[in-house]
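Engineer: Return atomic coordinates for the entry below.
(2 chains)
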Amino acid sequence: MIAATSAPTAEEFHAPGPGNFDLPGFFHIADQAITKPMFQLVLAAILVFAFFYLALRRGALVPGKLQFAGESAYGMVRNSIGRDIIGSHDFAKFVPYLVTVFFFLLVNNLFASVPIIQFPTFSRASMAYALAGLSWVVYNAVGIKKHGLVGYLKLQCVPSGVSPVMYPLLVPLEFFSNLLVRPVTLALRLFCNMFAGHLLIMLFATGGLYLIKDYGGGIGIVSGLAAWVLAIAIGFLEILVQFLQAYVFTLLNAMYIQGALADEH
Amino acid sequence: MQSFLISAAEEGDHGPLAFVPVEFVLSLVIFGILFFLIWKFVTPKFEATFAERTEAIEGGIAAAESKQAEADAKLAELEKQLADARHEAARIREEAREQGAAIVAEMREQAQAESARILDHGKAQIEAERQQAVTSLRAEVGTLATGLAGRIVGESLEDDERQARVVERFLADLEASEAAAKDA
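Structural biologist: Numbers count the residues shown, from 1 in each chain, chains lettered A, B, ... in the order given. From the prediction side, this is the model:
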């Protein structure tokens, strides 16, 4: 892709593409390639748990630095996502889920900016599908448990305060947006952000290398360096995006749960 | 580049959105394990710590409040006692002043009575002594005078009756002359 293919030199620029996300396996187990993102999932889980476990090992009333950091991180999800969205009555039992979602996503996303690892786990779409699908199961299960299947479908699909004349138009629309589209948008939002961000950095980094090394000349070196500067700038922007995507994913989870628990739509 | 070529060869050409069952399941499993660990070990500990801290802070506040109330009560009591003591002192002072004034008045009265009594007594004594002096003088003067007169006139005045008469007359004359002198 990209205009770089029309470079005048003999050696053509191979722009990074979707194929770069299909990493080769480190090794195979029963013909199954064990790839880097799979390790990252495990590593992220270990890091998240280790952080919280170490932070809270003592559980002191007057926290130390590590415990304070752990409490601040936990408290952010617990209070500003869990309690503020779901409401102080019901939020407590969803805190472990929300905390797990947020920090698991955050660490996996940040892997894209960690040297050596440098790969966003959730640029593997199937992994994003998994968490989005789980969210869908969770909020629907919560709603069905509270309202019963019929009551829940009515809650999600029949908007209150609307004339029944509008039902034929609105009910399918609500059903579509509240029950079908949500997991898709959750998964795609996460996947696309991670995928695109990583692709962009790869493009600027390899493009810069190509310009300096193969294109040559003053123009090549200057523009190649500019591309690298941009790659670094985008790298910082990506850190923000990585955090935001974890936050948004968790926030939406909380909102879906809140919507499923609500008495009135 | 290399990875691109290798993976393209390996995975075929399905796009980035393709569903890979192994990755899907693995994500769920890892997430599930992490969720279990956090649900089992992290959340309860955090919540316990938060609750404990809340309790400690609220307990501390309650204790401080009760201490404050106690101190306030003590202070009020002390102030009341102090006011009572002041009141009492003022009362005692007032009483003492009144008593002092009463004592002074009484003493003055007593002294006046005493002085009056002494004065009266003195007067009476003087009067009595004067009377006594007058009486003894009168007897003495009579004897002397008659003795003297007898010697001068040679007339025997041994007769008591006459003698007394003469003396009386003399004294009466004397008093009359005294009265005349006073009148003049």
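Engineer: Could you point out the longest helix of chain B?
Structural biologist: Assignment by DSSP state H gives helix B:43-153 as the longest helix of chain B.
Engineer: so what secondary structure elements neighbour whichever helix or strand comes after it?
Structural biologist: Downstream of helix B:43-153, the next assigned helix or strand under DSSP states H and E is helix B:160-183. The contact analysis (3 or more CB pairs under 8 Å, 6 or more residues apart in numbering or on different chains; DSSP states H and E) places helix B:160-183 against helix B:43-153. In short, each C-beta sits where N, CA and C put it, glycine included.
Engineer: and the helix it packs on, average pLDDT?
Structural biologist: Mean pLDDT, computed over helix B:43-153, is 90.
Engineer: Any chance you could spot the residue sitting in the middle of chain B?
Structural biologist: B:Ala89 (1.4 Å; CA atoms, centre = their mean).
Engineer: check whether the longest helix of chain B contacts chain A.
Structural biologist: Yes - counting by CB under 8 Å from any CB of the partner chain, chain A is contacted by helix B:43-153 at B:43, B:45-49, B:52-53, B:56.
Engineer: hang on, B:Ile30 packs against A:Leu41?
Structural biologist: Yes - the pair B:Ile30 / A:Leu41 is scored as a contact, 4.4 Å apart, by CB atoms under 8 Å.
Engineer: More neighbours: those two, which one.
Structural biologist: A:Leu41 (27 against 23; other CB atoms under 10 Å in any protein chain shown).
Engineer: show me where pLDDT drops low in chain A?
Structural biologist: Along chain A, the model assigns pLDDT under 70 to residues A:1-11, A:264-265.
Engineer: Show me the strands in it, by range?
Structural biologist: Remark: strands assigned in chain A by DSSP state E are A:27-29, A:32-34.
Engineer: coming back round to it: just the buried ones out of the residues of helix B:43-153 next to chain A, please.
Structural biologist: B:43, B:45-46, B:49, B:53 (16 or more other CB atoms under 10 Å in any protein chain shown).
Engineer: Quickly name whichever of those residues is closest to B:Leu26.
Structural biologist: Closest approach between those and B:Leu26, by CB to CB: B:Thr43, at 24.1 Å.
Engineer: List phi and psi for A:Gly216.
Structural biologist: phi 70, psi -180 (degrees, to the nearest 10).
Engineer: no no, A:Phe13
Structural biologist: Dihedral angles (degrees, to the nearest 10) for A:Phe13: phi -80, psi 120.
Engineer: can you check the one 3 residues further on too?
Structural biologist: With angles defined as degrees, to the nearest 10, A:Pro16 sits at phi -70, psi 140.
Engineer: mind checking how far the residue lying closest to it once chain neighbours are set aside is from A:Ser123?
Structural biologist: Distance criterion CB to CB, 6 or more residues apart in numbering or on different chains; nearest residue to A:Pro16, sequence neighbours excluded, is A:Met202 at 4.1 Å. A:Met202 is 11 Å from A:Ser123, where distance means CB to CB, to the nearest Å.
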